[in-house]
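Visitor: Any chance you could fold what I've pasted below:
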Amino acid sequence: MSDFPRWKYALVALALVFGIIYALPNAFPPVPAVQVQANHGAPLDASVQQKVADALAAQKIAYTGLAIDGDHLVANFSNADVQAKASDVIKAALGDNNNYTVALNLAPTVPAWLRAIHAKSMPLGLDLQGGVHFLMAVDQNSVIDQQEERYADDIRSLLRQKNIRYESVTRAKGRGNGINIALRSDADRNAAASDIASEYPDLNVNNGDSSGDRFMLNAAVKPQKLQEIALGAIKQNVSTLRNRVNALGVSEPVIQQQGENQIVVELAGMQNPAEAKKVIGAVATLEYHPGIGYPGDPQAVDAAKTGNVPPNARLYYMRGTHQPVLVAKQLIVSGDQLANATSGTDPQSGTPTVNVTLTAAGAKRMLDFTTNNVGKPMAVVYVETTYDTKTVDGKEVRTPRVTEEVISDARIDGVFGKNFQTTGLGSPKEASELALLLKGGSLAAPVDIVSESALSPSLGQDNINKGFKAVMLGLALVLLAAAIYYKLFGLVADIALFFNLVILVAVMSLIGVTLTMPGIAGIVLTLGMAIDANVLICERIREELRNGSTPHASIRAGYEKAWATILDANVTHLIAALALTTMGSGPIRGFGVTLLIGILTSMFTSVTVTHAITALIHGNRKLKTLSV
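Guide: Okay, the predicted model is just below:
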């Protein structure tokens, strides 16, 4: 009689239902689409949808779907060629004014009832759906230069604040050699050394050579701080690039550090390298300036009409409204002195706000400025340099284009330093966008694209077809071999192996594992390894039958005695897979993740699922022999 408990039957049934439901979305492949996203409060409504429809109709481009999905407008097309043509047409129809982001994408076709329970298909990697790959080098030396310049400015401010007499504060020759400070007396030098060491603990302060009435002091950034700055620049650039790539609408981008000073960017599904380079290669910064009046006031309007700008000011235009606004040339703080920015709501007025946190040096400057300027305006200027890439005489030519605009011009309501709020925003979405710009809009260090490569969608589809054939062929051969050699128990193992594939795909889909060619290799390997457990069980059952045990006792002993061996073998495999997952990157990590999940699912299906099926078949029957 069967001793397989009922709760295990329920567990197997739930696992199989789970596997079928969450693997099902992969049967609905995504279709080529063009995604339109509104920026800076631009409208995205039925009029925009109609404009896009009219533009496509005028060029006789057929689409399979056109609808507003949340804050996006999505147009679906039959193939990638039509998708690329439609993208150019839609960009021309909406204008080149940065109000809309038009991006190539893949639109899901998964039914709504599956999406409602968070069932989605696995995203495909670069090698399966095509796209672009960039290797970018980060200029960490520029970060060190910026840091030393910042320390030099801070030291000047500190000496003036402490009334310490000095002649000059200049950077020493050679990067990383610190800052030379010339003081008027030995007493001034001692006071400066004490104050600098106390205020800036990341600086090593030492006396320098003195001559006449010049008493020298050298303040050099500590080596561990320099290393921390360099690593921080890489991390900030990765975060910034991720924010920029999100604006492209690319599904599942890969942006990660490689080595000590390089970043890898992979944009699966992106078929326009020039557009990608324009966005991810942009150099941007944020600047806080004193405001002169408010947007659209008579003085700013007159300056825009006549071109007569006051000598201490610059003329800018507000993002979104394009109203002229005058901003003082004086710089309070810049974006590289920003520690964090989050969007929120003012508890008193209920209006959207952006909460800003500055670094220590930036906080000191902001505190000094706001103390003397309560009630006056302060402007946030966004400065971005993008590169338009064109091919001239067979050569790629990159032309810089600088965009400068005011993204906020609010009144200073009180004295603040490290933490403050930006108010006067039109909507929570505008506040969220501003926080994103403040936090991730500027690169901590310049980047240069070292190499780039593109993979066409047709080649990606060819990889998918070959990968699918490899999985099906491997599965078929394993199923056939098991059925022939182990008869009925082989068929049971085949059923479990099939469900192992289903559950594996379901788990990978649920946790969002990106499927790549190495991932497909991991699936094929998992299918081959999964049958090993059933081989051990079947051979143990055969051995028990030869020793004279009854069929039921042989089944029971086969599963119990084989389990220890199965566990030992899979633990060693798990260790190897875990090492690949945690220590590897790129294709190696993709292979390791698939292998890790596959080992866990195969242990369940090969033992528990087969035992449940075997118990259902043989549990309540009187057996003389077994088909094994």
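
Visitor: got the residue ranges for the strands in the stretch 251-400 of the chain?
Guide: With strands called from DSSP state E, counting those that start in this stretch, the stretch 251-400 of the chain shows them at 254-258, 262-268, 283-292, 313-317, 324-328, 333-334, 338-345, 352-358, 377-392, 395-411.

Visitor: right, so of the ones you listed, which gets closest to Leu44?
Guide: Each of those has some distance to Leu44 by C-beta to C-beta; the shortest is strand 352-358, at 18.5 Å. For the C-beta atoms, the positions are set from N, CA and C on the backbone; glycine is no exception.

Visitor: Can you pull out the low-pLDDT segments for the stretch 451-600 of the chain?
Guide: By pLDDT under 70, the low-scoring segments of the stretch 451-600 of the chain are 454-460, 585-586.

Visitor: Which residue ranges of it form helices?
Guide: Under the criterion DSSP state H, counting those that start in this stretch, helices of the stretch 451-600 of the chain are mapped to 457-511, 517-546, 551-583, 587-603.

Visitor: out of the ones you listed, deepest packed?
Guide: Comparing those by mean neighbour count (mean count of other C-beta atoms under 10 Å), helix 587-603 comes out on top with a mean of 22.

Visitor: what residues does it touch?
Guide: Residues outside helix 587-603 that contact it (C-beta atoms under 8 Å, 6 or more residues apart in numbering): 125, 500, 503-504, 507-508, 513-514, 516-523, 525-527, 529-530, 533, 566-567, 570, 573-574, 576-581, 584.

Visitor: relative to helix 457-511, how tilted is that helix?
Guide: Helix 587-603 runs at 50 degrees relative to helix 457-511, counting by axes from the mean of the first three to the mean of the last three C-alpha atoms, to 10 degrees.

Visitor: could you point out which element follows helix 587-603?
Guide: Sequence-wise, the next helix or strand downstream of helix 587-603 (DSSP states H and E) is helix 610-618.

Visitor: Need the residues that contact that next one.
Guide: Here helix 610-618 has contacts from 2, 4, 8-9, 12, 488-489, 492-493, 495-496, 534, 537, 551-552, 555, 559, 626, using C-beta under 8 Å, 6+ apart.

Visitor: Apply 7 Å and report the result again.
Guide: Under the contact criterion C-beta atoms under 7 Å, 6 or more residues apart in numbering, helix 610-618 has outside partners 2, 4, 8-9, 12, 492-493, 495-496, 534, 555, 559.

Visitor: returning to what we had before: ok, which of the strands of the stretch 251-400 of the chain comes nearest Gln146?
Guide: Smallest distance to Gln146 across the strands of the stretch 251-400 of the chain (C-beta to C-beta): 9.5 Å, for strand 333-334.

Visitor: ok, the residue nearest to Ala55 when sequence neighbours are not counted to Ala313 distance?
Guide: The shortest distance from Ala55 to any non-neighbouring residue, by C-beta to C-beta, 6 or more residues apart in numbering, is to Ala93 (3.6 Å). Here Ala93 is placed at a distance of 37 Å from Ala313 (C-beta to C-beta, to the nearest Å).

Visitor: before we move on, what about Tyr485?
Guide: Per C-beta to C-beta, Tyr485 is found 86 Å from Ala313.

Visitor: again with Asn206
Guide: Taken as C-beta to C-beta, the span from Asn206 to Ala313 is 43 Å.

Visitor: neighbour-wise, which of these two wins?
Guide: Ala313 (21 against 12; other C-beta atoms under 10 Å).

Visitor: Let me see the contact set for Gly344.
Guide: 353, 355.

Visitor: Need the pLDDT of the residue nearest to Ala55.
Guide: Note on Ala93: pLDDT of 87.

Visitor: Thr391 now?
Guide: Per-residue pLDDT puts Thr391 at 65.

Visitor: same thing with the one 10 residues further on?
Guide: With respect to pLDDT, Arg401 scores 70.

Visitor: What separation do you get for Ala562 and Glu544?
Guide: Ala562 is 10 Å from Glu544, where distance means C-beta to C-beta.

Visitor: burial count for Pro5?
Guide: Pro5: 10 surrounding residues under other C-beta under 10 Å.

Visitor: first to last residue in stretch 95-106, what's the distance?
Guide: 23 Å (C-alpha to C-alpha, to the nearest Å).

Visitor: residues of it that come out buried?
Guide: Within stretch 95-106, the residues that count as buried by 16 or more other C-beta atoms under 10 Å are 99-106.

Visitor: Which of those residues fall in strands?
Guide: Mapping the buried residues of stretch 95-106 onto strands (DSSP state E) picks out 100-106.

Visitor: just to revisit the earlier point, Serialize the strands of the stretch 251-400 of the chain to a markdown table and add fields for distance to Trp113.
Guide: What follows is the strands of the stretch 251-400 of the chain, written out as a markdown table (distance: least, C-beta to C-beta, whole Å):
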| stretch | distance to Trp113 |
| --- | --- |
| strand 254-258 | 31 |
| strand 262-268 | 27 |
| strand 283-292 | 42 |
| strand 313-317 | 48 |
| strand 324-328 | 50 |
| strand 333-334 | 50 |
| strand 338-345 | 33 |
| strand 352-358 | 35 |
| strand 377-392 | 42 |
| strand 395-411 | 41 |
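
Visitor: what residues go with each domain of this protein?
Guide: Listed by automatic domain parsing, the domain ranges of the chain are 6-25+456-618, 31-107, 141-226, 281-453.

Visitor: any idea how far Gln236 is from the residue nearest to the spatial centre of the chain?
Guide: Taking C-alpha atoms, centre = their mean, the centroid of the chain lies closest to Arg242, which sits 4.3 Å from it. Arg242 is 11 Å from Gln236, where distance means C-beta to C-beta.

Visitor: next one: Asn204
Guide: The value you get for Asn204 to Gln236, if C-beta to C-beta is used, is 25 Å.

Visitor: go on, Pro428?
Guide: Going from Pro428 to Gln236 by C-beta to C-beta gives 26 Å.

Visitor: higher neighbour count, the two?
Guide: Gln236 (19 against 14).

Visitor: what helix or strand does that one sit in?
Guide: Counting by DSSP H and E, Gln236 is part of helix 223-248.

Visitor: can you state the direction angle for that helix and strand 262-268?
Guide: 10 degrees.

Visitor: Give the buried residues for helix 223-248.
Guide: Across helix 223-248, burial judged by 16+ other C-beta under 10 Å covers 225-226, 229-230, 233-234, 236-238, 240-242, 244-245, 248.

Visitor: cool, and stretch 181-191?
Guide: Result for stretch 181-191 [16+ other C-beta under 10 Å]: buried residues 181-183, 188-189, 191.

Visitor: Against Leu11, how distant is Phe4?
Guide: Distance, Phe4 to Leu11, using C-beta to C-beta: 11 Å.

Visitor: Which one's more surrounded, the two?
Guide: Neighbours per residue (other C-beta under 10 Å) separate Phe4 from Leu11, with Phe4 holding more: 20 against 15.

Visitor: Tell me the predicted confidence for the closest residue to the more buried one other than its chain neighbours.
Guide: Leaving out its chain neighbours, the residue that sits closest to Phe4 by C-beta to C-beta, 6+ apart is Ala615, at 3.7 Å. Note on Ala615: pLDDT of 84.

Visitor: Also Ile412?
Guide: Looking at Ile412, its pLDDT stands at 83.

Visitor: That one: neighbour count?
Guide: 20.

Visitor: Contacts only, for it.
Guide: 370, 373-376, 378.

Visitor: now with 10 Å?
Guide: 290-291, 366, 369-378, 420 (C-beta atoms under 10 Å, 6 or more residues apart in numbering).

Visitor: Distance to Arg621 added to the helices of the stretch 451-600 of the chain, as a markdown table?
Guide: Converted to a markdown table, these look like this (distance: least, C-beta to C-beta, whole Å):
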| stretch | distance to Arg621 |
| --- | --- |
| helix 457-511 | 12 |
| helix 517-546 | 16 |
| helix 551-583 | 9 |
| helix 587-603 | 28 |
